[in-house]
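Student: coordinates only, no sequence provided:
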């Protein structure tokens, strides 16, 4: 699933090109793409027709379009979802298409069909209007109202692996497997260490590292390992060239030269430097 930088790149593109535009036609090409919209494809189509997109929103890895009736069109990108403007490269993967009043087509393309659209009401959480399904999601490190010290206090009470906590979107959002490994590498912390065993200073440093690496990735359009993640114009990000930990098994650590290792973690791969990020001692 795309992480915060990739989703923010998509949000910025949508805000630039579709905010203020009115939807004049909608076609659902695959019912699975609207399975989260419980009222079904016909209802989603009818509700979007003649609706104006008044803005965009994001919290963590969750993206939505603000609609003129004060509801929200939540976009689940899943593993391979794309929001594209103009012609799509492969119509076999086209799931939903919306025509805008300036003649632009906004398409939802999803090869693996894990993503989709749904219309939902909004609710006020901590002063922000967010879609109801997003209300439980914590703020992310790039949110201007992110409470760094508050999150540190929460982490200090968690008697489980720090990487597991970084991936918990109810603790801190936006961080997925890639940027968790990158932040842990920058802070010289092994992901298997217990969150409760880390000092307040080290946890703060780790959250700062997460914010820094995601800011760096955002500046390079995000991380693309294949064609599944692209921006609204179909262009890939190139932060994969700057990764220090993720995917670098068998390569020298950029900091100390030790050979990077890969471990299994929560049915995923986790990458670290054995010298800079030593594993906790077995008890």
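Tutor: The structure has been received and is ready for your questions. The shown structure was predicted, so the numbers you read here are calculated from the model rather than taken from an experiment. Residues are numbered from 1 along each chain as shown.
Student: ranges for the helices of this protein?
Tutor: 4-18, 41-48, 148-156, 162-166, 177-187, 200-219 (DSSP state H).
Student: against residue 138, how distant is residue 129?
Tutor: Counting by C-beta to C-beta, to the nearest Å, the gap from residue 129 to residue 138 is 16 Å. C-betas here are computed from N, CA, C, even on glycine.
Student: of the two, who's got more company?
Tutor: Higher neighbour count among residue 129 and residue 138: residue 138, with 20 against 12, using other C-beta atoms under 10 Å.
Student: now render the helices of the chain as JSON lines, adding distance to residue 239, mean pLDDT and mean neighbour count.
Tutor: As requested, those are exported to JSON lines (distance: least, C-beta to C-beta, whole Å; pLDDT from 0 to 100; neighbours: other C-beta atoms under 10 Å):
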{"stretch": "helix 4-18", "distance to residue 239": "7", "mean pLDDT": "96", "mean neighbour count": "21"}
{"stretch": "helix 41-48", "distance to residue 239": "33", "mean pLDDT": "98", "mean neighbour count": "17"}
{"stretch": "helix 148-156", "distance to residue 239": "23", "mean pLDDT": "98", "mean neighbour count": "16"}
{"stretch": "helix 162-166", "distance to residue 239": "18", "mean pLDDT": "98", "mean neighbour count": "23"}
{"stretch": "helix 177-187", "distance to residue 239": "9", "mean pLDDT": "97", "mean neighbour count": "25"}
{"stretch": "helix 200-219", "distance to residue 239": "4", "mean pLDDT": "97", "mean neighbour count": "19"}
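Student: tell me which of those sits nearest to residue 91.
Tutor: helix 41-48 (18.1 Å; C-beta to C-beta).
Student: so which elements touch that closest one?
Tutor: strand 23-28, strand 116-120 (3 or more C-beta pairs under 8 Å, 6 or more residues apart in numbering; DSSP states H and E).
Student: select, out of these, the one closest to residue 42.
Tutor: strand 23-28 (8.4 Å).
Student: list the buried residues for that closest one?
Tutor: Within strand 23-28, the residues that count as buried by 16 or more other C-beta atoms under 10 Å are 23, 26, 28.
Student: got it, and stretch 250-262?
Tutor: Those would be 253, 260, 261, 262, for stretch 250-262 by 16+ other C-beta under 10 Å.
Student: in a markdown table: these, plus distance to residue 197.
Tutor: Formatted as a markdown table, those follow (distance: C-beta to C-beta, whole Å):
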| residue | distance to residue 197 |
| --- | --- |
| 253 | 23 |
| 260 | 23 |
| 261 | 21 |
| 262 | 23 |
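Student: turn the helices of the chain into TSV, including distance to residue 65.
Tutor: Listed next are the helices of the chain as TSV, based on distance: least, C-beta to C-beta, whole Å:
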stretch	distance to residue 65
helix 4-18	7
helix 41-48	10
helix 148-156	28
helix 162-166	28
helix 177-187	25
helix 200-219	20
